[in-house]
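[1] no FASTA, just this:
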């Protein structure tokens, strides 16, 4: 299962999985995007429309997957939202909305999927973090909080679940060339220059770079790796 699999990084991850002959369920709110992804990726791609902020519906979503396919081997928690606002203008509702989608829904979906993985004593969960958890970025307080929490949750889950055969890892993407990033940078040239100025490799990554990393962490190629946060960022997190 890949959440937010209809576009951007999620679509790139789903594409890489399908190329590796993995039946891949893509979850998202936009049925049109999911259908478009299905057309692009083919038979091994299975779209399922769902709003993960509806926590009560998550167990039923997982149950539907299990009923149709028997088991879930891999979960990629990629779906997320952002909100760019001055710190003092962020309302309690704003903050909770971002945490609900980016953190609480990740917890709830992972919990339900793990219930299925435990009897099989195997599974791999890949969470998607952000540079916002590696260093401070202004005007994204709720997003930063959610992604920092994801990294802590990754480590806690790995320690608890790895003895039972379930590995849990995390990817922290740097600046990746998606429609969302391009739009943000086009509206803020100074921000783009700052981002690229501290990226030693000097250019933005491609969504496929995250897809490759996700496939590595999801499969037996990384069978002795758990609890790590892997920056895929051209060196941005260590750049000066």
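    Sure thing, it's come through. Since the structure is predicted, the reported quantities are computational estimates derived from the model, not experimental observations. Numbering: from 1, shown residues only.
[2] residue 10: neighbour count?
    Number of residues near residue 10 (other CB atoms under 10 Å) recorded here: 29. (C-beta placed from N, C-alpha, C; glycine too.)
[3] pretty sure it sits against residue 28.
    Yes: between residue 10 and residue 28 there is a contact at 7.5 Å, judged by CB atoms under 8 Å.
[4] mind listing the shared neighbours of the two?
    Both residue 10 and residue 28 are in contact with 3-4, 79, where contact means CB atoms under 8 Å, 6 or more residues apart in numbering.
[5] of the residues you listed, which belong to strands?
    Of these, the ones assigned to strands by DSSP state E are residue 3.
[6] which one of the shared contacts of residue 10 and residue 28 is nearest to residue 184?
    Comparing the shared contacts of residue 10 and residue 28 against residue 184 with CB to CB places residue 4 closest, at 17.0 Å.
[7] which non-adjacent residue is nearest that closest one?
    Of all residues beyond its chain neighbours, the one nearest residue 4 is residue 79 (3.4 Å), with distances taken as CB to CB, 6 or more residues apart in numbering.
[8] next, the one you found: phi, psi?
    The phi/psi pair for residue 79 (degrees, to the nearest 10) reads phi -60, psi 140.
[9] hang on, it packs against residue 52?
    Yes: between residue 79 and residue 52 a contact is recorded at 5.8 Å, counting by CB under 8 Å.
[10] what's the helix or strand containing residue 48 packed up against?
    According to DSSP states H and E, residue 48 maps onto strand 45-49. Strand 45-49 is packed against strand 24-28, helix 31-41, helix 58-69, with contacts defined by 3 or more CB pairs under 8 Å, 6 or more residues apart in numbering; DSSP states H and E.
[11] strands paired with it, and their directions?
    Sheet pairing of strand 45-49 (DSSP bridges) gives strand 24-28 (parallel).
[12] and residue 119, what element?
    Take DSSP H and E as the rule and residue 119 turns out to sit in helix 105-120.
[13] quick one on the thing from earlier: filter the shared contacts of residue 10 and residue 28 to the buried ones?
    The neighbour-count test (16 or more other CB atoms under 10 Å) marks 3-4, 79 as buried among the shared contacts of residue 10 and residue 28.
[14] of those residues, which is the nearest to residue 162?
    Minimum separation from residue 162 among those (CB to CB) is found for residue 3, which lies at 21.9 Å.
[15] bridging residues for that closest one?
    Beta-bridge pairing for residue 3 (DSSP bridges): residue 27.
[16] quick one: the strands in this protein?
    With DSSP E as the criterion, the chain has strands at 2-3, 24-28, 45-49, 74-77, 123-128, 166-173, 229-232.
[17] now the strand holding residue 48: buried residues?
    Neighbour counts over strand 45-49 (16+ other CB under 10 Å) mark 45-49 as buried.
[18] as TSV, these with distance to residue 239 would be great.
    Output for the buried residues of strand 45-49, formatted as TSV (distance: CB to CB, whole Å):
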residue	distance to residue 239
45	36
46	39
47	38
48	38
49	39
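[19] just the closest of these to residue 122, please.
    The closest of those, once distances to residue 122 are taken by CB to CB, is residue 46, at 20.9 Å.
[20] give me the nearest residue to that closest one, chain neighbours excluded.
    Leaving out its chain neighbours, the residue that sits closest to residue 46 by CB to CB, 6+ apart is residue 25, at 4.7 Å.
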